[in-house]
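K.L.:
sequence and predicted structure are below.
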Amino acid sequence: MNVRTLRFKFGITNGLLISAFFVLFGYVRYQTFAYIANRNFERGLINQAEFFARNIRPTPGGFEYLASVKPADAMALDTIRPFFVLTDGNGRVIGAEFYGYYVQKMLSAKDLDGILHQQSGFKDAQLHDGRRFRFLSRPLPAAGGQKLVLHLGRSVAELTAILDAYMQMYLYSVPLVLIVAVAVGWYLAVHALNPFEEVAKTAEQITSERLNTQIINVRKEEEIQRLVQSFNAMVARLSQSFDQMRKFNANVAHELRTPLAILQGENEIALRSPSLPEEIRAVLISNLEELGRLTRIVNDILTLAEVEAGSQVLSKKPLDLSSLVNDLADQMQFLALERNITMEVQDLPETTILADDLWIRRAVLNLLDNAIKYSRDGGRILVSMTNDGAKAGLTVQDDGIGIAGSDLPHIFERLYRADPARNRNTGGVGLGLSLVKWVVETHDGKIMVDSAPDKGAMFQIELPVLSAAARSADETRSGRTQKGSHVVRT
Amino acid sequence: MKILVIEDESKVANFVKKGLEQSGYEVDVAADGEEGFDKFRAVDYDLVLLDLMLPKITGWELIPLLRKRKPTLPIIAVTAKTAVEDRVQGLNLGCDDYLVKPFSFAELLARIQVQLRRGIALGTAELRAADLVLDPLKRKVTRAGKVIELSNKEFALLEYLLRNKDEIVTRNMIVENVWDSSFDNFTNVVDVYINYLRNKIDRGFDPQLIQTVRGVGYTLRSTAS
C-alpha cells in the first residue's frame, strides 16, 4: 500500500475524523446521561424527604407518623426503597426507619458521623459490603422547640449499573467504530478518486509521439470534466509547440540543402580546373570535406525531424529476420576482417517478424557497425538470436572498449556522444542508437544494453515474432493488395 | 549529347551547366517547369535533369508529360526532400535515377554517363572486358580462360561494373544497385568488396581492370589505358 497516495491519506483522515467525532460525541452523551440520571435520582430523594418532612412528627422518645399516613405509602412513591435516620440538630440519633438502623452499622464511623451531622445537602457513602448509598439531609420543620434533621438514604446501585453498562457499551464500540469509520472513509476516498485514476491512465498513453491524442471523458462530475478539459488543452498546446519545433527543424535542415548543394557543386567544378594553384586546391578539398560533414549533420537532423513527427511511414510486411541478420553480418564481415575482428554468427533460429525491412535493416546494421567500430583490432563479435515463439531476441556482443557506467543511461538519447573525441570523424550528430531504439520500439520491441568499460558491450533487441497463423493471414492480405502502392499512408 | 537542366535555383543550374559543358555536353537550362517543357518540345534532348520542386509545373507533374512524348528518354530527378516515400514515388513516377541535394557533381556526372549508355549492356549476353568474361546465365567468371570463384555479392558487384564498363560508378551507385540499399554504412563495405574482387580478378593478371577514381568511385576499364 502506497502511503503517499491521496487515497491512503483520504481514507485514514476520513476514518480518524469519523472516529474522533464518534468518541467525543459518545463521551458528551454519557456525561449528559449521567447528569440527568443523577439529577432524577436526587430529585426522587428530595421528594421523598419532603414527604417525610411533612408527615413525621417528633415524639419524646423518637418520632411518629401523622395519623393519616402509613410509612409504606411513602415508600411506595418509589420502586427503589429508601430508608431514613432522624437526628437532632447535633447529630444524635432520635430514630430510624426501615433499614436505617442496619445501614448505620454498616457505615464507617467517619462517614456516619459526617452524614448525621449534616444539616442539609447530599452525601455519598459506601457500606462495608461495598454497596453505595446517597444520603440527603434535610431539616424538619421545627416542632415543639426541637430541631430535627432527616437523613434519607438510597442505594445508587441501579444508577451506577446503568451508567456502567452505558460506559462499557461505549468503550467496546470505539474500536469497532474505528474500523468501520476507516473502511467507510477508505471506500469514499477510493470512490471519489476513481475518476482521477481513469483520467491518469488515459493521460499515460499520451506520449510525445502521440500528442494528438485527447482524453475522452466519460465522467459526468464537473471537477473531472474541468480536469480533462484543462489537460486536453495543455496537450494540444504542447502538441502545437512540438509540431512547430519539428517543422522548424525540418525546414531549417531542408533550407540548408540548397546552399550546401551550391557550395559543394561550385567547389567541385572549381577543382576540375587544371590551372588551379595548389594552395587553393588544398583549401577547396578541405572545404569539400567539411561540406560532407555538414551534409551528414543536416541529413541526421532531417531524419530526426521525420522520426519525431512520426512521418516515416512504416510499411510492415512479414520479414525473415534470421536471413536478414545473416545477410547483413555477411556484408559487414569484411569490414570486421579488415581490422582482424572475428564476427561469429551463431546458428540463428528461423524467425519471421512483421516489420519494415528498410528500418529493421538500418537498426541491425547500426548495431553491427557499432560493434565493429568499438571493437579493438583482433577483437571478437558474437551475433546470436533466440526465438521462443512469441519473442525474438537478437544479441550483438563485442569485447571492445565498452561503455562507461555514467554514459550507459544516455546512449539511447538523441545527439548523445559518449566521448566527443572518439567519433567526431564519423560525422553526423549521433543518431545511431536512438534511431535503433526508435525502430525497435515502433515495432513493439525493446532494446537492452549491458556493458562495462573494457568489458565490451552487449546489445539485445527483442521483437515480437509473427506467428504462423498471423503470417498466413497476412500473406493472403498482402497478396491481395500487392498491386496497389507499396507505401501506405496512415 | 544534349542535356536539359530544369532547375529553379540559378546557382545550382549554373554549376551543373558549367561542369557538364566542361565534360563535353551541350546544356540548356530552364528555370521553371513551363519553360522546361517548352524547351523540351523544341529540342531533341538526350537526357533531362529535373528538380522535383519547381515553380509553375512541378517535377512530379512534368515527368509523365515528358515520358508520354519520349518514353525512352533518361530522366534524372533531383530534390531536397529525402523522405523514403518520396524516393519511391520518384522512381514510381518514371524517372530513371534520383539524386538528393546536396549531391556531389562527380556523382551526378557518373549517373548521367551511365544513363546515357543505358541499354547497351543489358540482357543475358556474356559480358567482357579485355580477357575477363562473365556469363550471367551460368554465373561463371573466367579471366584468361581461368575460372574464378566469386561469392554472390562479389559476382553482383563485378556484373554491375561490367555492365557499366569504362564508366565511372560511385560508391553510392554501387550501394544502391548491388546492395539495393541507400545507407551510408555500406560505402565502406564497397571499398572492402572492391579489394576482394581485385585480389581475385586482377592479382597476377595484366592489365589491372578495376581502377579507383579518387574521390569519386571506381571504373572497370575494358582496354589498357
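P.N.:
The structure has been received and is ready for your questions. Numbers count the residues shown, from 1 in each chain, chains lettered A, B, ... in the order given.

K.L.:
and residue A:137, that one's in a helix?
P.N.:
No: membership of residue A:137 in a helix is not supported by DSSP: H, G, I helix; E, B strand; the rest coil, which gives strand.

K.L.:
distance of it relative to residue A:49?
P.N.:
8 Å (Cβ to Cβ, to the nearest Å). (Glycine included, C-beta is placed from N, CA and C.)

K.L.:
now do residue B:149
P.N.:
135 Å.

K.L.:
neighbour-wise, which of these two wins?
P.N.:
For residue B:149 versus residue A:49, neighbours defined as other Cβ atoms under 10 Å in any protein chain shown are more numerous around residue A:49 (22 against 9).

K.L.:
wait, residue B:46 sits on residue B:20?
P.N.:
No: counting by Cβ atoms under 8 Å, residue B:46 does not reach residue B:20; the two are 11.5 Å apart.

K.L.:
now do the shared contacts for those two.
P.N.:
Common contact partners of residue B:46 and residue B:20 (Cβ atoms under 8 Å, 6 or more residues apart in numbering or on different chains): residue B:3.

K.L.:
burial of residue A:13, as a residue count?
P.N.:
Neighbour tally, residue A:13, other Cβ under 10 Å: 13.

K.L.:
kindly report the domain assignment for the chain.
P.N.:
You didn't pick a chain, so chain A it is. Using automatic domain parsing, the domain parsing of chain A gives A:6-163, A:222-309, A:317-481.

K.L.:
wait, chain B was what I had in mind.
P.N.:
Per automatic domain parsing, the structural domains of chain B span B:2-116, B:127-220.

K.L.:
tabulate the ones you listed (CSV), appending distance to chain A.
P.N.:
Formatted as CSV, the domains of chain B follow (distance: least, Cβ to the nearest Cβ, whole Å):
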stretch, distance to chain A
domain B:2-116, 4
domain B:127-220, 4
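
K.L.:
quick one: residue A:14 and residue A:185 touch, right?
P.N.:
Yes: counting by Cβ under 8 Å, residue A:185 is a contact partner of residue A:14 at 2.5 Å.

K.L.:
who are the neighbours in contact with the nearest residue to residue A:320 once chain neighbours are set aside?
P.N.:
Among residues not flanking residue A:320 along the chain, residue A:352 sits closest, at 5.8 Å (Cβ to Cβ, 6 or more residues apart in numbering or on different chains). Residues near residue A:352 by Cβ under 8 Å, 6+ apart: A:318, A:319, A:320, A:321, A:465, A:466, A:471.

K.L.:
what helices and strands are in contact with the strand or helix carrying residue A:447?
P.N.:
Using DSSP states H and E, residue A:447 sits in strand A:446-451. If you count contacts as 3 or more Cβ pairs under 8 Å, 6 or more residues apart in numbering or on different chains; DSSP states H and E, strand A:446-451 packs onto helix A:432-442, strand A:457-464.

K.L.:
and with 6 Å instead?
P.N.:
Strand A:446-451 makes packing contacts with strand A:457-464 when contacts are defined by 3 or more Cβ pairs under 6 Å, 6 or more residues apart in numbering or on different chains; DSSP states H and E.

K.L.:
the strand it packs on pairs with which strands?
P.N.:
Paired strands of strand A:457-464, with direction, are strand A:391-398 (antiparallel), strand A:446-451 (antiparallel) (DSSP bridges).
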